[in-house]
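Novice: Fold the following.
(one chain, ligands or ions: 2)
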Amino acid sequence: MNGGEQIARVLRHQGVKFLFTLCGGHISPILVEAKRIGIRVIDVRQEPTAVFAADAVSRLTGIPGVAVVTAGPGVTNAVTAVKNAQMAQSPLVLIGGAPATALKGRGALQDIDQIGLFKTLVKWSAAVRRDCDIVPILEEAFDAAVSGVPGPVFVECPVDLLYDPELVRQWYVKETGRPRNIRERAIQWYLRRHVDKLFACSPKSLELAAKESIVPFAVDTDAVAAAAARIRTATKPVMIIGSQALLRVDRVGELARKLAGFNMPVYLTGMARGLLGGGHPLQFKHGRSKALKEADLVLIAGMPCDFRLGYGKSIGKKAFYIGINRSAADLKKNRKPNLPVVGDPGTFLLALTGQVRLEQHRLSEWLDRLRAGEQQGEEKIAAFAAADTQYANPLSLCRSIDAVLDNNSVIVGDGGDFVATASYILNPRAPLSWLDPGVYGTLGVGAGFALGAKLVRPEADVWLLYGDGASGYGLIEQDTFVRHNLPVITVIGNDAGWTQIARDQSVILGDDVGAVLRYNRYHELAESLDARGYLINHNAHIDEVLGQAKQKSRDGRPVLINAMIGATDYRKGSISM
Ligand SMILES: Cc1ncc(C[n+]2csc(CCOP(=O)(O)OP(=O)(O)O)c2C)c(N)n1
Ligand SMILES: [Mg+2]
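Specialist: Ligands and ions are numbered 1, 2, ... in the order given. Okay, here's the model as predicted:
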């Protein structure tokens, strides 16, 4: 079995169904073998898309998604997407091609120090050097990706190992020609030995280890009991659930059911959005800072006290703070919990919800306060949605999109103000139906995330919401959607600018230089790639176009809606640093 075959077999054994790639001479055998044994190879138009797609697969299935990129520029192009996955604690596997073993460091094409490059970007990396390493290194890579605090891993595999040993032997001999003297004979002897060592294992079949999915943590029953006791006596409790609580994808349904009956007011962030469905009475979207300031007990499951929580300052000084995180460092970041629990937040919540059930009537005063905050938030949205703007009103557009979502629709957000606005208006209806970059805040995740989501959930509508700026990173992937029959619904909130940046820059510095774009005809661009393009430039068109686009995508065609939107002050003053 050559290296390409071995890699493909390990991937299939690990449960990998899709392989995302942009081709290159260093990786061809992996692609061909993967296809041959039934893994769907999805070739994209730029490497970050491949990695973002793998990231989405990881998040939605709990099984590491896999991207394969060619040596050198293929690998360096993947860097931002890998870093984004690391910050989002998403367990993907990136396989990079590499120059032939005997040519490494000798001026070979695209030969750089890839392992050194990834040192601070992945949680684990390794370079394959002999065929005997392939299986153990890949198996370790998958284990490393999903254990502890999950994250991306990188494996580099030299091109000569991927082909049949006989062919490689011939290449090396051909390269050196007929030996004319002792020196050349010595080189040939060295190369022959080198090839023998490379293929020392040449296995006919593979023995593959059982695969791990996201590794569970044991539940700390004492901590659960202590948390339960505190929660029972709290009068103003609030809970924030972050992305990490959704890592155990296999138990997300159970978590949703149990939390729904737990009766503790909750704010959902990141991948946790949608966990309680579209309209749970104890789920709040607005007034989070105020709630955290006034609460007497704050439980934060699966996110650190970073910029999103005012570096810990958002939580009132007197509140009893229970924190649960897989990472001991994140758990203590900026503010030490009164009850710190190192462990899997989802598993902890499952145990906790089995122990206590809060009585709503005891919390009624507190719930009234939170509901008033919620009401205020909704009134603000209604007021801004009713305002006259040039073209379509972005808030009305978001409300209409929310109205056409189905119970299984997946939403992907990639952009600045438009997407931030959408995040307050759209209600993801089910667990794991909202994807955004996470704390790294990388623009350009959209096409890859939508690609991964549509493959994993072919029966669901996948709504890709873009800012016009962000769309520039991924528009060419409409071509990928078309080639691979993936009818994603793309909506560009086209405000002719990098508005989230322009907004503050203009006010503080008096100049929007570098932050202005044009009202481009993105729908025509989509048509040129054989996706179906639609234009919205007035409120009156919104519902009709959304309906048509949704139907068209269900007929199997990728669609792109170029929604020209006007300016609004809804996001005025919001800033994240
Ligand atoms: C890769 C990357 N480059 C730059 C930024 C900085 N940035 C954050 S929001 C934003 C503006 C996004 O513009 P657009 O997608 O059009 O959304 P809008 O704010 O206009 O709705 C920029 C440039 C970033 N987050 N990521
Ligand atoms: Mg914009």
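Novice: Going by residue numbers, what spans are strands in the stretch 51-200 of the chain?
Specialist: 66-69, 93-98, 124-127, 153-158 (DSSP state E, counting those that start in this stretch).
Novice: same thing with the stretch 201-350 of the chain?
Specialist: Under the criterion DSSP E, counting those that start in this stretch, strands of the stretch 201-350 of the chain are mapped to 237-241, 266-268, 283-284, 297-301, 320-325, 339-342.
Novice: still on that earlier bit, out of the strands of the stretch 51-200 of the chain, which is the most enclosed?
Specialist: strand 66-69 (a mean of 30; mean count of other CB atoms under 10 Å). The way it works is simple: take the backbone N, C-alpha and C, and place the C-beta from them, glycine included.
Novice: counting contacts, what elements does that one pack onto?
Specialist: strand 18-22, helix 47-61, strand 93-98 (3 or more CB pairs under 8 Å, 6 or more residues apart in numbering; DSSP states H and E).
Novice: and of the ones you listed, who's closest to ligand 1?
Specialist: Judged by CB to the nearest ligand atom, the one of the helices and strands packed on strand 66-69 that comes nearest to ligand 1 is helix 47-61, at 9.5 Å.
Novice: The closest one and ligand 1, are they touching?
Specialist: No: Helix 47-61 is not in contact with ligand 1 by CB under 6 Å from any ligand atom; minimum separation 9.5 Å.
Novice: Ligand 1 contacts on the stretch 401-550 of the chain?
Specialist: Residues of the stretch 401-550 of the chain lying near ligand 1 (CB under 6 Å from any ligand atom): 415-418, 441-444, 467-470, 493, 495, 497-501.
Novice: Run through those residues and flag the ones next to ligand 2.
Specialist: With CB under 5 Å from the ion as the criterion, the subset of those in contact with ligand 2 comprises 467, 468, 469, 495, 499.
Novice: which residues does the third one contact?
Specialist: Spelled out, that is residue 469. 415, 416, 443, 497, 498, 499, 517 (CB atoms under 8 Å, 6 or more residues apart in numbering).
Novice: In ChimeraX, how would I select just the buried ones from those?
Specialist: Here is the ChimeraX command that picks out the buried ones among the contacts of residue 469, judged by 16 or more other CB atoms under 10 Å:
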select :415,416,443,497,498,499,517
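Novice: Same list (the contacts of residue 469) but as JSON lines, adding secondary structure, pLDDT and distance to residue 478.
Specialist: Converted to JSON lines, the contacts of residue 469 look like this (DSSP: H, G, I helix; E, B strand; the rest coil; pLDDT from 0 to 100; distance: CB to CB, whole Å):
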{"residue": "415", "secondary structure": "coil", "pLDDT": "98", "distance to residue 478": "16"}
{"residue": "416", "secondary structure": "coil", "pLDDT": "97", "distance to residue 478": "21"}
{"residue": "443", "secondary structure": "coil", "pLDDT": "98", "distance to residue 478": "17"}
{"residue": "497", "secondary structure": "strand", "pLDDT": "98", "distance to residue 478": "22"}
{"residue": "498", "secondary structure": "coil", "pLDDT": "98", "distance to residue 478": "21"}
{"residue": "499", "secondary structure": "helix", "pLDDT": "97", "distance to residue 478": "23"}
{"residue": "517", "secondary structure": "coil", "pLDDT": "98", "distance to residue 478": "18"}
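Novice: Can you list the low-confidence ranges for the chain?
Specialist: 576-577 (pLDDT under 70).
Novice: For it, what lies in contact range of ligand 1?
Specialist: 415-418, 441-444, 467-470, 493, 495, 497-501.
Novice: Closest residue of the stretch 151-300 of the chain to ligand 1?
Specialist: For the stretch 151-300 of the chain and ligand 1, the shortest gap (CB to the nearest ligand atom) falls at residue 270, measuring 15.8 Å.
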